[in-house]
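Visitor: 3D model of this:
(4 chains)
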There are 4 protein chains.
Amino acid sequence: MLFEETVETRGHLLDSGVLARVLDDVLEYGGDYRVDRLDLGREHEDESYARLTLGAPDEELLQRLLMRVQAHGVNQVDPGMAMTRPAPRDGVFPEDFYSTTNLATYVRFNGGWLSVTHPEMDCGLRVLDGTVDTIPVSDVREGEQIVCGASGIKVSLPAPVDDPDGGFGFMSSAVSSEKPQALLVRQIAQQMRDVRAAGLKVLWVGGPAVVHTGAAPAMVALVEAGFVDVLFAGNALATHDIESALFGTSLGVDLKKGSGVPHGHEHHIRAINTIRRCGSIADAVKQGVLTGGVMHAMVQAGNPFVLVGSVRDDGPLPDVYTDVVEGQRAMRAQLPDVGFAIMVATMLHSIATGNILPASAPLVCVDINPATVTKLADRGSAQAVGIVTDIGLFLEQLARELVPDFAGSGN
Amino acid sequence: MLFEETVETRGHLLDSGVLARVLDDVLEYGGDYRVDRLDLGREHEDESYARLTLGAPDEELLQRLLMRVQAHGVNQVDPGMAMTRPAPRDGVFPEDFYSTTNLATYVRFNGGWLSVTHPEMDCGLRVLDGTVDTIPVSDVREGEQIVCGASGIKVSLPAPVDDPDGGFGFMSSAVSSEKPQALLVRQIAQQMRDVRAAGLKVLWVGGPAVVHTGAAPAMVALVEAGFVDVLFAGNALATHDIESALFGTSLGVDLKKGSGVPHGHEHHIRAINTIRRCGSIADAVKQGVLTGGVMHAMVQAGNPFVLVGSVRDDGPLPDVYTDVVEGQRAMRAQLPDVGFAIMVATMLHSIATGNILPASAPLVCVDINPATVTKLADRGSAQAVGIVTDIGLFLEQLARELVPDFAGSGN
Amino acid sequence: MLFEETVETRGHLLDSGVLARVLDDVLEYGGDYRVDRLDLGREHEDESYARLTLGAPDEELLQRLLMRVQAHGVNQVDPGMAMTRPAPRDGVFPEDFYSTTNLATYVRFNGGWLSVTHPEMDCGLRVLDGTVDTIPVSDVREGEQIVCGASGIKVSLPAPVDDPDGGFGFMSSAVSSEKPQALLVRQIAQQMRDVRAAGLKVLWVGGPAVVHTGAAPAMVALVEAGFVDVLFAGNALATHDIESALFGTSLGVDLKKGSGVPHGHEHHIRAINTIRRCGSIADAVKQGVLTGGVMHAMVQAGNPFVLVGSVRDDGPLPDVYTDVVEGQRAMRAQLPDVGFAIMVATMLHSIATGNILPASAPLVCVDINPATVTKLADRGSAQAVGIVTDIGLFLEQLARELVPDFAGSGN
Amino acid sequence: MLFEETVETRGHLLDSGVLARVLDDVLEYGGDYRVDRLDLGREHEDESYARLTLGAPDEELLQRLLMRVQAHGVNQVDPGMAMTRPAPRDGVFPEDFYSTTNLATYVRFNGGWLSVTHPEMDCGLRVLDGTVDTIPVSDVREGEQIVCGASGIKVSLPAPVDDPDGGFGFMSSAVSSEKPQALLVRQIAQQMRDVRAAGLKVLWVGGPAVVHTGAAPAMVALVEAGFVDVLFAGNALATHDIESALFGTSLGVDLKKGSGVPHGHEHHIRAINTIRRCGSIADAVKQGVLTGGVMHAMVQAGNPFVLVGSVRDDGPLPDVYTDVVEGQRAMRAQLPDVGFAIMVATMLHSIATGNILPASAPLVCVDINPATVTKLADRGSAQAVGIVTDIGLFLEQLARELVPDFAGSGN
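Guide: Residues are numbered from 1 along each chain as shown, chains lettered A, B, ... in the order given. This next block holds a predicted model:
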């Protein structure tokens, strides 16, 4: 192990298990470590401090190791100065670019430490006019200065949620369907009220099961009561919501009567055609064609939504971004001031949103399928809290908590 | 196909798909068929009538074919007379015994048609003192007269639920998590009220997730309001419920505070030991040791419960039948007058109950795991309706529907 | 029911259950039916014939009913003449456009019956220069003539697989994980040999689990042996395959050593950057940068692949269609001469492909998650056969069947 | 925190995460801790040593805390002497009995430390004639001396698997379906060869999917080659295996032809009746009635099997223990000399076996359902390794690895 670097970290290292994960990663990467110092908080409230020397057989691996452990909030003791190289071509980073985490990040140049504007995972760091921001590889332009190597970079972990009553903290434990669900709903409702009181936005990411489970009325009530500031979704949620508003069906379920209309697929393509004729969802509302449902409520409330297409889409609706990279840009543009994100019944859009959210924004992922929730957490969205439950009943109860006069779907 | 027999059936043969399933079965068994007559109801409200000739290469297969199609309500045109043989030994049927369905069944002897007392699947038909009842193979005694072959036997399908408003009929469609869940809860609540009004019993079959999901208070409210006449469960539900009442935990979840107590396994074995010391659950209630929870509520209400053990049990509680065959007998003894069965979050006990319920009792199976629900339906419990949802929120909402002053769990 | 139309159908109506499904659909749509004639094949090999009169309360619903039942191969007895209207704008169909199935379809004009060029679901029928083809709503141009209403249209079901030995027919039964898996693999291998012998193409649709489960060597062997004529996938499969080839890892699993590299996320973004620098995957092969893996094998074999992006993509690779509608067009362009489609471990791309495949192409969907398989079948891809199994072992065994000198992955 | 006790532990505390889990548990129980000393191994190969003072508000909780942390191998620095009390009644422990882990355990009396004979979870420690063994609560007799409180008890963790090549160690990472499956099969095969070479026994625990997936021939080959020393199962595996041998079907699948025999339920009850008539499975083999399948192979090989009943059983077979507590005793009697346990496709029997296995026996749990695997690990069977894969293909490949002349199922 010829190449070495000393790193340090501070925080609740033991009871959070973060130190164990750091050491795991070092070994998995083929590196090695030595614990130089460990000051353990004597009482469990105290912070600990650890200093480690990491070693690697070559410089390139050492640099990657240093980047890797930064994902856990571990920084170099002597970070040195950041170094940049120009992007060799449009859409291409220099080979040894620093690959970002979504933690608060600082970069040191001669003039001192600069804070990175919008932390996002798996991007590069672009230095432009004395500021540093994250830039996805698809958006980098030839010649832009990109930070390379791990020198001169520090990250800091988000402060742990300080919760004397144990309130929301509960949900930071593992994904499980065996939890007191009624309590979870109440905790999320409170979180939303707090975020709104703080003047921040609540971001929703939703899949079509919101409509299929009959929860659209609950969702509409939440929109009207001001708890859905932004909505990210795909063509499916909007289409089934609109199909349901226009024809009273959603992919084969007559939601009012409760009797099935299996295979009623062609309704959704007619719904899409109708909106395309109107020009857009907002136009359809304006023309009096679309008079109900979630999308109608968003338009009436004047709240933004971003619909991004996928390869399985029919149509799609005219509001859908068919170019996924442009769709990602539109989503990023809505992130400032988001104080809480809730993801409901969609794997694709939940992961997409988790990829671009900074670690500082708490997020909750709700799905009946444990795999979706687990997958989101595994992607490195450490702030993700997973709830395995039924979407229909979950939204129904959330609306009852937050909207005093909500009488229940189907009434 | 040298061996033939003519069969007939009447009902909604086409739109229920039953005729297709009969013909499938015949071919799958290696038999063959000829449609002799098919009188189709012209309008969809009308019943149809079909007469088929079934053929098989040997008499034994023909007899098994005839038994098989009876599971769909298809009877021989000329059923002949039933034939019996004595059971060769305790616990053993004659080789060619008639294997029962759970449909209403009639057996013809010289004296005419006798109705089978308690239809149950996979049993034999025992003729005793001029009556016919079903008898499991484990309970047959040497020399008892057992019906053999398919001659002289008729079955009749339960009348389809006649529901002008489409009410409960909705749920007869396929298992799905994409249904208006709030509506389903309301339909089940109504079903329970109707059953109670008719003087019949509501049977619950439950797994430990009732407690883990924090739904015990909702369940207690339902017991106290008279909607849980009988409870079938295993050692786990009762143990976790009692552990929760004694220690405030249930296998690692502090249900009141909402913070986890992972691995708190030893609590449950202490809870079991405490009840064993008292003598029984009812004794623990009487002695003032057990003062809350679902089992306490059942004891207070004077309602029966049957706990049957399994190989994975710790303890078990003194009330648990450790012999599974005796446990099945205890369950059977509770079935008369059951008008509705609801199975919540348990595969093992749901299947066990499905095995012994007559086809005439409607049953609903609720689980977050689609596989459990599907498995129950696949076992031939044709009257099973499956709901894939979250147990905690489901019971919470059901209690809100049925118990006016239920304020919600965790309040 | 003032509006009526007489329809007819022919085939194995009873044992396939198709007649029951037709009648179900009619009732679910709020229509009604009368069975005018039913000639049942006496023996089970014989075809049956049914003539029904369908009724609806208004003309629009009747037209939609007629379109609906065509999905089951039911046509009007007196189809009349087809009627067209011009598309009112680019990307918009006339209101009452005929929404297509993926069955072989014929349209009648004065000159007689025209065959529709490429049947695809949820499209319109465009009449151009005396021919009729399917056109997605996104591609229609203002003024193009689009068939409206259900008049003058016939469809025909694909011939059932005629399989005297019961071979592939087995798999037409329901989705299940409880099947003799070794037998299924052998049947699929034979199907692929047959398709190749017939000069047709085998289409693969794959997800990243192909790489994660360590099955890339098996897949490479299949490519090299000529059993992968076309590959549809997303950014993820190609990225993880290339990451694995460049760094020996795939999203955190060191595949050779078998020890985990958890969270090694930044490797994949470096792999993407490397290919972007090269220009394309083929360029990376040409430049000697990419020397192994599935994508390398496809390039070496000169076989086409279509990678379509999604909103969750990092990068993406330069070969990825970021516009999903363009991606769908590129997929459609590869469909002619596809004789067999196999979908492995991807819900998104499997559904996308199922949407555009004609009903005549047999397809097999393989996934460890039953929900994926079920969802594909539910979308109306009636020819879909589902296999719930482990991707890694499945591809390993398939390669052993088809490639005599395949020694097994990891050797 | 008036009540305190000092504890210590030694081992790979950080990289295994065990220290974090200990501290978590202390806080979750409502206790507190102070780190008195932490000697960290400087290099990652070195062991660490930690000494902590645990505090609790009352003595009872302190004792429970001390028992709790022993599950992680944490012992009192000054353990004192063990104390016993007599069991107050048959089947009842003293109130403050020591609840066991499945780790190697030592108890100190005046005469020094005694080793506990067979460590098993959730039992009591019985002192009898100068030895200490574990005793389930159901088996304790009035007046037997049972260890109470946590004093005088030490446990020791099993040595970590020392594997320089990373071989089996790989599988100690998290449950996942995204692993190189072919490699896993090879590692398990090697483990079995090693265990056999060491003169120890391979224990199998199996569910009926072994038969349904068509893997019975592979399983038979493994039995004949000597890799199945003991088999634990329920009535279902044996019944379906025997049904398949007698009738060629297994709950509705004709395994040879590959075509389905749906609903062929009555076959299994006939199979059971046939074996009941013979007297036992071994008698049926002796009488030439049962001539194939897994159970036949076990009888021929002279290897023991333990079948334990459940409440859902039909019949059951005469060999089945209908009393589950007696069944557990019969299972325990087979555990000595078990060097490796493999659990295939059964949640119920896997958990039952995990409950009674000592921590020193490595075990692998194979299931297509991730929940089964996760549930086993969650129960505290720390030595459990989970593999999410297809049972049919897994057993097929395992047989190919271990049995040179195995030609494959279905040939």
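Visitor: For A:Thr322, list the residues it contacts.
Guide: A:Gly309, A:Pro316, C:Ser138, C:Asp323, C:Val324, C:Val325, C:Glu326 (Cβ atoms under 8 Å, 6 or more residues apart in numbering or on different chains). For the C-beta atoms, the positions are set from N, CA and C on the backbone; glycine is no exception.
Visitor: Tell me the one of those nearest chain B?
Guide: A:Pro316 (20.7 Å; Cβ to the nearest Cβ).
Visitor: Helix or strand: which one has that closest one?
Guide: Using DSSP states H and E, A:Pro316 is not contained in any helix or strand.
Visitor: For it, which non-adjacent residue is spatially closest?
Guide: If the residues on either side of it in the chain are set aside, A:Pro316 comes closest to A:Asn235, at 4.0 Å by Cβ to Cβ, 6 or more residues apart in numbering or on different chains.
Visitor: Correct me if wrong: A:Ile153 contacts A:Val107.
Guide: Yes - A:Ile153 lies in contact with A:Val107 (Cβ atoms under 8 Å); the separation is 5.6 Å.
Visitor: Which one of those two is surrounded by more residues?
Guide: Shown here are A:Ile153 and A:Val107; by other Cβ atoms under 10 Å in any protein chain shown, A:Ile153 has more neighbours (26 against 23).
Visitor: Overlap in contacts, A:Ile153 and A:Val107.
Guide: Counting by Cβ under 8 Å, 6+ apart, the residues touching both A:Ile153 and A:Val107 are A:Ala82, A:Leu125, A:Val147.
Visitor: Kindly indicate which of those residues lies nearest C:Met192.
Guide: Nearest to C:Met192 out of these is A:Leu125 (Cβ to Cβ; 48.1 Å).
Visitor: So which residues of chain A form helices?
Guide: Along chain A, the segments classed as helices by DSSP state H run A:18-28, A:59-70, A:181-197, A:209-212, A:216-224, A:235-247, A:266-278, A:281-286, A:294-301, A:324-333, A:347-356, A:370-378, A:391-402.
Visitor: Of all these, which one is nearest D:Ala359?
Guide: helix A:18-28 (20.4 Å).
Visitor: how far off helix D:18-28 does the closest one point, in degrees?
Guide: Taking axes from the mean of the first three to the mean of the last three Cα atoms, to 10 degrees, helix A:18-28 and helix D:18-28 form an angle of 160 degrees between their directions.
Visitor: In contact with the closest residue to chain C within the stretch 151-300 of chain A, which residues?
Guide: Closest residue of the stretch 151-300 of chain A to chain C, Cβ to the nearest Cβ: A:Glu266 (3.9 Å). Applying Cβ under 8 Å, 6+ apart to A:Glu266 gives the contacts C:Arg64, C:Met67, C:Arg68, C:Ser99, C:Asp122.
Visitor: does the first one really touch C:Glu28, like I thought?
Guide: No - shown here, C:Arg64 and C:Glu28 do not form a contact pair, counting by Cβ under 8 Å, at 11.7 Å.
Visitor: So for those two, which residue has more residues nearby?
Guide: Taking neighbours as other Cβ under 10 Å, C:Arg64 and C:Glu28 compare with C:Arg64 leading, 24 against 19.
Visitor: Against B:Asp39, how distant is that one?
Guide: 31 Å (Cβ to Cβ, to the nearest Å).
Visitor: count of neighbours near the closest residue to chain C within the stretch 51-200 of chain A?
Guide: For the stretch 51-200 of chain A, the residue closest to chain C is A:Ser99, as judged by Cβ to the nearest Cβ, at 3.9 Å. Number of residues near A:Ser99 (other Cβ under 10 Å) recorded here: 25.
Visitor: That one contacts A:Asp122, correct?
Guide: Yes - counting by Cβ under 8 Å, A:Ser99 does reach A:Asp122; the two are 6.2 Å apart.
Visitor: Give the residues shared as contacts by those two.
Guide: Contacts common to A:Ser99 and A:Asp122, judged by Cβ under 8 Å, 6+ apart, are C:Glu266, C:Ile269.
Visitor: correct me, but A:Ala297 touches A:Val220?
Guide: Yes - with contact defined as Cβ under 8 Å, A:Ala297 reaches A:Val220; the gap is 4.6 Å.
Visitor: out of those two, which sits in the busier spot?
Guide: Neighbour tally, A:Ala297 and A:Val220, criterion other Cβ under 10 Å: the higher count belongs to A:Val220, 25 against 21.
Visitor: low-scoring pLDDT stretches of the stretch 51-200 of chain A, where are they?
Guide: A:159-180 (pLDDT under 70).
Visitor: those strands in it, which residues are they?
Guide: Along the stretch 51-200 of chain A, the stretches classed as strands by DSSP state E, counting those that start in this stretch are A:75-76, A:83-86, A:104-109, A:112-115, A:124-128, A:131-135, A:145-148, A:153-156.
Visitor: can you put these in JSON lines and add distance to chain B?
Guide: Compiled in JSON lines, those are given as follows (distance: least, Cβ to the nearest Cβ, whole Å):
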{"stretch": "strand A:75-76", "distance to chain B": "31"}
{"stretch": "strand A:83-86", "distance to chain B": "45"}
{"stretch": "strand A:104-109", "distance to chain B": "28"}
{"stretch": "strand A:112-115", "distance to chain B": "34"}
{"stretch": "strand A:124-128", "distance to chain B": "38"}
{"stretch": "strand A:131-135", "distance to chain B": "35"}
{"stretch": "strand A:145-148", "distance to chain B": "40"}
{"stretch": "strand A:153-156", "distance to chain B": "26"}
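Visitor: In a markdown table: those, plus distance to D:Lys201.
Guide: Shown next, in a markdown table, are these (distance: least, Cβ to Cβ, whole Å):
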| stretch | distance to D:Lys201 |
| --- | --- |
| strand A:75-76 | 52 |
| strand A:83-86 | 61 |
| strand A:104-109 | 56 |
| strand A:112-115 | 62 |
| strand A:124-128 | 57 |
| strand A:131-135 | 57 |
| strand A:145-148 | 58 |
| strand A:153-156 | 52 |
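Visitor: out of those, nearest to D:Thr9?
Guide: strand A:75-76 (29.7 Å).
Visitor: Tell me which residues are up against the closest one.
Guide: A:Glu5, A:Thr6, A:Val7, A:Glu8, A:Thr9, A:Leu66, A:Ala150, A:Ser151, A:Ile153, A:Lys154, A:Val155.
Visitor: farthest-separated two in those?
Guide: Largest pairwise distance in the contacts of strand A:75-76, by Cβ to Cβ, is 17.5 Å, between A:Thr9 and A:Ser151.
Visitor: Can you tell me which of the strands of the stretch 51-200 of chain A is most buried?
Guide: Of those, the one with the most neighbours on average (mean count of other Cβ atoms under 10 Å in any protein chain shown) is strand A:145-148, at a mean of 22.
Visitor: And it, what does it pack against?
Guide: strand A:83-86, strand A:124-128 (3 or more Cβ pairs under 8 Å, 6 or more residues apart in numbering or on different chains; DSSP states H and E).
Visitor: try 10 Å this time
Guide: Applying 3 or more Cβ pairs under 10 Å, 6 or more residues apart in numbering or on different chains; DSSP states H and E, one finds that strand A:145-148 contacts strand A:83-86, strand A:104-109, strand A:124-128, strand A:131-135.
Visitor: any chance of those in a markdown table, plus distance to chain D?
Guide: Shown next, in a markdown table, are the helices and strands packed on strand A:145-148 (distance: least, Cβ to the nearest Cβ, whole Å):
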| stretch | distance to chain D |
| --- | --- |
| strand A:83-86 | 30 |
| strand A:104-109 | 24 |
| strand A:124-128 | 28 |
| strand A:131-135 | 28 |
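Visitor: coming back round to it: same list (the contacts of A:Thr322) but as CSV, adding neighbour count and distance to A:Arg332.
Guide: Formatted as CSV, the contacts of A:Thr322 follow (neighbours: other Cβ atoms under 10 Å in any protein chain shown; distance: Cβ to Cβ, whole Å):
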residue, neighbour count, distance to A:Arg332
A:Gly309, 27, 17
A:Pro316, 25, 21
C:Ser138, 22, 25
C:Asp323, 18, 18
C:Val324, 28, 19
C:Val325, 19, 22
C:Glu326, 15, 22
